[in-house]
Each structure stands twice: as structure tokens, then as C-alpha cells.
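J.: Sequence isn't available, so here's the structure alone:
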């Protein structure tokens, strides 16, 4: 689609390896669309997450296809933009998307587990400076996330969850922590369960 097709829309960005895509991602996506009042949400499937090992990573097309097969909402789009943009790091992806789609209002979506370690990401403060961020509760991570370096650094930029629908129109830095019905699914546990099933078959 042309960049103008997205003008005036609020767009959530959920990045990751999607190795594999799972119900937890879908749960966060539905929560983001509803609680933030977003028009659409893009799953940005990463060719290779710099913080994750190559070993055990399914090939890109397999992960894309599995993600598309999980989608149950027309507002959620599975995207290969990171591969097409040839960006490896979130900060670079965000900069490229804002430049390519200047008329869109982007919001970065992440789980509390990612907020807890975002200070390990390349140019992580630039992400906060570039676009609003919505952080969603994850089992066992909430307390650590709200006590992490990023939460402390940008404490004055946090908006109350009751104003979450204002986030997409907020000037960065602005972020919100959304509590809700937790979903325990994780790609790591799914891969581990799959390995156990495979091992039981031999």
C-alpha cells in the first residue's frame, strides 16, 4: 500500500521473532486495539532478533505463514516490513516507519518482559523519544518491569492507564502500563513443548 493509505490512522506496532506466533501475542494485540482505541495493529516479524540466538530460529517465511494463520481479526496485519526496510534494530525500524508513513500515528506495543530489559536494546532511549509506547502486563514480570531502568528514566512521561486511549495522539516520550487479563503463553514455552513432543516420538 502507498504511504498515504495509512494517513490519519493510529497504528500499533508489535515486533518480535514470532518463533512461533502464539495466543499470547494475539491476546496483547486484542488488548492494544481495544484499550488504546487503535485503528490497526501490525505484527512486525523480525528476520533475526539481535538479542536471540540463530540456533532454533525457524526460517522467516515459516514464521510469517504461521503468524498469518493465527490471525483472527482483520485489523491485525502480519508484515515483512523489517525485511524490506533492511533494519535490524527496533530504533532503526521505528525511524524508517515514521519517515515512510508520516501521516500515521504509531504506537509501539510491548509486553512487560520487554520493558524490563529494553535498556539492552540499541538506542533504546531514541525509541521512547520517537513514538508513544504501550506496555502490557505479562505473568510474573509486572513488578520487575515497573522497577526497571527504563521505567525509572521515563517515570515523568508515564500516563495513567485510564487515559490509554489518548496515547496514540500524545507527543513522545509518553508511555502507559496496561494491566488486564494475563495470558501465560510464550514462544519459549511453546518451542520447549514442541521439542518434548518430538522427543517422545523417537
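T.: Looks like it arrived, so ask away. Source: prediction; values computed, not measured.
J.: All the strands of the chain, in order from the start?
T.: 10-16, 40-45, 76-79, 105-111, 133-136, 158-159, 175-178 (DSSP state E).
J.: Of those, which stretch is the most buried?
T.: The highest mean neighbour count among those, using mean count of other CB atoms under 10 Å, belongs to strand 133-136: a mean of 28. No exception for glycine: its C-beta is placed from N, CA and C like everyone else's.
J.: Please state the offset of that strand from the chain centre?
T.: 8 Å (CA atoms, centre = their mean, to the nearest Å).
J.: Residue 163 is in contact with residue 177, isn't it?
T.: No. Applying CB atoms under 8 Å as the test, residue 163 and residue 177 come out as separate, 11.8 Å apart.
J.: how about the strands of the chain in a markdown table, adding distance to residue 56 and mean pLDDT?
T.: Output for these, formatted as a markdown table (distance: least, CB to CB, whole Å; pLDDT from 0 to 100):
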| stretch | distance to residue 56 | mean pLDDT |
| --- | --- | --- |
| strand 10-16 | 15 | 96 |
| strand 40-45 | 16 | 97 |
| strand 76-79 | 21 | 96 |
| strand 105-111 | 20 | 97 |
| strand 133-136 | 25 | 97 |
| strand 158-159 | 35 | 98 |
| strand 175-178 | 30 | 97 |
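J.: Output these as JSON lines; include the columns distance to residue 85.
T.: As requested, the strands of the chain are exported to JSON lines (distance: least, CB to CB, whole Å):
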{"stretch": "strand 10-16", "distance to residue 85": "12"}
{"stretch": "strand 40-45", "distance to residue 85": "9"}
{"stretch": "strand 76-79", "distance to residue 85": "10"}
{"stretch": "strand 105-111", "distance to residue 85": "14"}
{"stretch": "strand 133-136", "distance to residue 85": "20"}
{"stretch": "strand 158-159", "distance to residue 85": "29"}
{"stretch": "strand 175-178", "distance to residue 85": "24"}
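J.: Residue 95 is nearest to which of these?
T.: For residue 95, the closest of the strands of the chain is strand 105-111, at 11.0 Å, according to CB to CB.
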